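**Student:** Pasting a predicted model and its sequence here:
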Amino acid sequence: MFKDNRNLLKGFLVGVFYIPLSELGSGANNIKDFPMVPFKDAIGNGNITNADDKHTGMGLDALTDSFWFNTKEVERLLDQNAIRYPQITEAKDAIMSTIKKWYNGYHIGRFSGKYNPWSVCSFIGCLDDRLAVPENGEPRSISAALGPASRAYWVNTGSTDLIEAQLRKHCHQATGLMSCLINEYRRTRLHIHVPDFGTGSSQENSLKLPQPDMSIISTGEYSNERMLALCLFAGYLTYKHPDSVCIPNREVYDVWFTLFTHIVFSEGMRSGAALNRGSLLVEFWSGNTTGLLKFIKDAISNLAKHRGYKEREYANAIVVALSAAAGLGAFSHPNQAYSRVSDAVTTRENYTGRGHSDHIMWLYTSNNLPNQFCAIIEYKFIPDAQRKNTGHHERLAYKALDQIIDKDYTACVSGCVERIDIGIAVGNNVLCIRSRLYRYNDETSAWDLVQPSAGGAI
């Protein structure tokens, strides 16, 4: 269409990847790229007319401002729909807050704070459809329509097969990268305290992308930077700063978390009852760790098959799996209507008492009180030479339990009314878990043992 077409003076292509130039005489070498990645100078906010610095309104600024919606354009769409549904005007701030959380956050060229136009239009269309149906003979309230309209739209118009194939192919490295991306979103957008996952490098350094490199598709050679570049150009990431990327909004976050759970758990585990809402939490209340044993075994088998794990990596894999299970609702209170990623507040390598606890989770009590039930988890590694020595596995699990008491890891869980201590001995395709359940005694200001040692091994 573009080569040797005498009826064509100029052409305009829109896509997600750079256009490679062909051989010298191809007839399509006079190509000008207008990248949508941020400039490193004078980053504005919103659009040309209200940017922080002056613009000509022409050239690349005008081009990049023509893509995606800015805040004023979204508000204009809502104002037009408010003519038919006046309740939109009354709840405009709440609607804009929802749209911003779900579909905002993109950084295009010189301008940040851009909205996904397909998702915004689809959201408003769905909102209109809900408001058009009366509720008990009265106009439907915005609150009743807002929830169902707040969902993914753009991400459902295509497939993530290419990205998922690369993530599965390079599972060991990619799991740490996905953890960093999910962590960063939870910390900065949802304001949730989340663990480091032991990725071995800081979040900021892991998400650096000074120069996008798409060679992962042609060469198959993996690096974090190449994986980030692929996801950036495909629309599943955006620039946070001129040289680092992030997940832009809730719509895309849900995609990343789904990919994450697909990598961590087998299909049978994801679709089975082991990760139903509140399944692991209810077990913890009774001091039971049978379900925990099964899903950790599944996660480790799924992750470790890509590379021989070392001691720290096994513990990190379990922490990653616990985070994924929390996001799926396994630690949510069974009476809650929705799973919330904040249902399991987790710390990793926390200094407390007389040492560093491996892993602490603050959870809901049986009467739905947040952060008053905790799980203290300590890990021990089973060397290959002891893989068949089940007695050694059990001794290591009990050693982990005793370490929680001996080093006073309970010092940082003041305010909790119940706790479960979990000792996990883990190695190459072997796993042993032991647990003890305690209840705090206000009269003696001490922890009483409620459920003696329980657990299992695989």
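**Tutor:** That came through, no problem.

**Student:** Report the residue spans of the protein with pLDDT below the cut-off.
**Tutor:** Within the chain, the stretches with pLDDT under 70 are 1-3, 15-65, 190-206, 209-220, 242, 271-275, 303-312, 337-345, 348-350, 353.

**Student:** one more time with 50
**Tutor:** In the predicted model, the chain carries pLDDT under 50 at residues 41-57, 194-202.

**Student:** Find the centremost residue of the chain, please.
**Tutor:** Nearest to the geometric centre of the chain sits residue 182, at 3.1 Å (CA atoms, centre = their mean).

**Student:** isn't that residue right next to residue 260, touching?
**Tutor:** Yes. Using CB atoms under 8 Å, residue 182 makes contact with residue 260 at a distance of 6.3 Å. All C-beta atoms are positioned from the backbone trio N, CA, C, and that covers glycine.

**Student:** so what's the residue nearest to the centre of the chain up against?
**Tutor:** Applying CB atoms under 8 Å, 6 or more residues apart in numbering, we find residue 182 in contact with 247, 253, 256-257, 260, 323.

**Student:** From the chain's centroid, how far away is the strand or helix carrying it?
**Tutor:** Residue 182 belongs to helix 171-188 when assigned by DSSP states H and E. Put simply, helix 171-188 sits 7 Å off its chain's centre (CA atoms, centre = their mean, to the nearest Å).

**Student:** Stretch 360-371 too?
**Tutor:** Distance of stretch 360-371 from its chain centroid, counting by CA atoms, centre = their mean, is 22 Å.

**Student:** With only the CA atoms kept, save that stretch in PDB.
**Tutor:** Once non-C-alpha atoms are left out, stretch 360-371 reads as follows in PDB (Å, rounded to 0.1, in the frame of the first residue of the first chain):
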ATOM      1  CA  ILE A 360       4.400 -12.200  59.000                       C
ATOM      2  CA  MET A 361       0.900 -11.800  57.800                       C
ATOM      3  CA  TRP A 362      -1.900  -9.700  59.500                       C
ATOM      4  CA  LEU A 363      -5.300 -11.200  58.800                       C
ATOM      5  CA  TYR A 364      -9.000 -11.000  59.700                       C
ATOM      6  CA  THR A 365     -10.400 -12.700  62.800                       C
ATOM      7  CA  SER A 366     -13.400 -15.000  62.600                       C
ATOM      8  CA  ASN A 367     -15.700 -12.100  63.700                       C
ATOM      9  CA  ASN A 368     -14.300  -9.900  60.800                       C
ATOM     10  CA  LEU A 369     -11.900  -7.700  62.700                       C
ATOM     11  CA  PRO A 370      -8.900  -6.700  60.600                       C
ATOM     12  CA  ASN A 371      -5.300  -7.200  61.600                       C
END
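
**Student:** Which positions in that stretch come out as buried?
**Tutor:** Using 16 or more other CB atoms under 10 Å as the test for burial, stretch 360-371 gives 360-365.

**Student:** ok, of these, which one's closest to residue 80?
**Tutor:** Distance to residue 80, by CB to CB, is smallest for residue 364 among the buried residues of stretch 360-371, at 43.3 Å.

**Student:** Tell me which residues touch that closest one, please.
**Tutor:** The contact partners of residue 364, taken as CB under 8 Å, 6+ apart, are 281, 331-333, 343, 370-373.

**Student:** Please flag which of those sit within helices.
**Tutor:** Applying DSSP state H to the contacts of residue 364, the entries found in helices are residue 281.

**Student:** want to throw the contacts of residue 364 into JSON lines with distance to residue 290?
**Tutor:** Compiled in JSON lines, those are given as follows (distance: CB to CB, whole Å):
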{"residue": "281", "distance to residue 290": "14"}
{"residue": "331", "distance to residue 290": "16"}
{"residue": "332", "distance to residue 290": "19"}
{"residue": "333", "distance to residue 290": "20"}
{"residue": "343", "distance to residue 290": "21"}
{"residue": "370", "distance to residue 290": "25"}
{"residue": "371", "distance to residue 290": "25"}
{"residue": "372", "distance to residue 290": "24"}
{"residue": "373", "distance to residue 290": "18"}
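
**Student:** Looking at the contacts of residue 364, state which has the most neighbours.
**Tutor:** Ranked by the number of neighbours (other CB atoms under 10 Å), the contacts of residue 364 place residue 331 first, at 30 neighbours.
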